[in-house]
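# Could you work out the structure for the sequence below:
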Amino acid sequence: MSAPSTEVQMKQGAGFYTGELKSYGIVSDSEPHKDFLLVNATAKKTEESACVPMDVDGVLLNFADAESMAVIKEKSV
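Residues are numbered from 1 along each chain as shown. Predicted coordinates for the structure are as follows:
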């Protein structure tokens with residue numbers, strides 16, 4: 001069974017990233033900059049666009065730049 005995927009919609013129409021949530025910082029709520037790392041990531045410009053694999057080891061994003069996040073569990077058949 002593989003890890004659930006995390007889909008992140010970025011603010012201001014900056015697109016979407018999907019990947020495995022590898023790490024995130026646990027810091028005080030008063031700290032506005034909280035980073036998280038997605039690995040095996042794909043990117044797309046719009047919700048309807050096709051996902052394009054990224055040729056990187058990981059994507060470091062910041063919660064302050066994210067509009068929303070969704071965790072997508074693998075469906076069992």
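
# pLDDT below threshold where in the chain?
Where the chain drops to pLDDT under 70, the residues are 1-2, 75-77.

# ok, which stretches of it are helices?
Applying DSSP state H to the chain gives no helices.

# show me where it has strands.
5-10, 16-24, 35-44, 52-53, 59-62, 66-72 (DSSP state E).

# Just put the ones you listed in a markdown table and tack on mean neighbour count.
Quick note: C-beta positions are derived from backbone N, CA and C, even for glycine. What follows is the strands of the chain, written out as a markdown table (neighbours: other CB atoms under 10 Å):
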| stretch | mean neighbour count |
| --- | --- |
| strand 5-10 | 18 |
| strand 16-24 | 17 |
| strand 35-44 | 18 |
| strand 52-53 | 10 |
| strand 59-62 | 16 |
| strand 66-72 | 12 |
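
# which residues touch stretch 56-63?
Residues from elsewhere that reach stretch 56-63 (CB atoms under 8 Å, 6 or more residues apart in numbering): 8, 10, 17, 19, 22, 33-39, 41, 43.

# What's the separation between the closest residue to residue 23 other than its chain neighbours and residue 7?
Nearest in space to residue 23, with sequence neighbours left out and distances taken as CB to CB, 6 or more residues apart in numbering, is residue 37 at 4.8 Å. Per CB to CB, to the nearest Å, residue 37 is found 15 Å from residue 7.

# any idea how far residue 34 is from residue 58?
Residue 34 is 16 Å from residue 58, where distance means CB to CB.

# my bad, should have said residue 21
Counting by CB to CB, the separation of residue 21 from residue 58 is 10 Å.

# before we move on, what about residue 36?
From residue 36 across to residue 58, the span is 10 Å (CB to CB).

# same thing with residue 23?
Separation of residue 23 from residue 58 (CB to CB): 9 Å.
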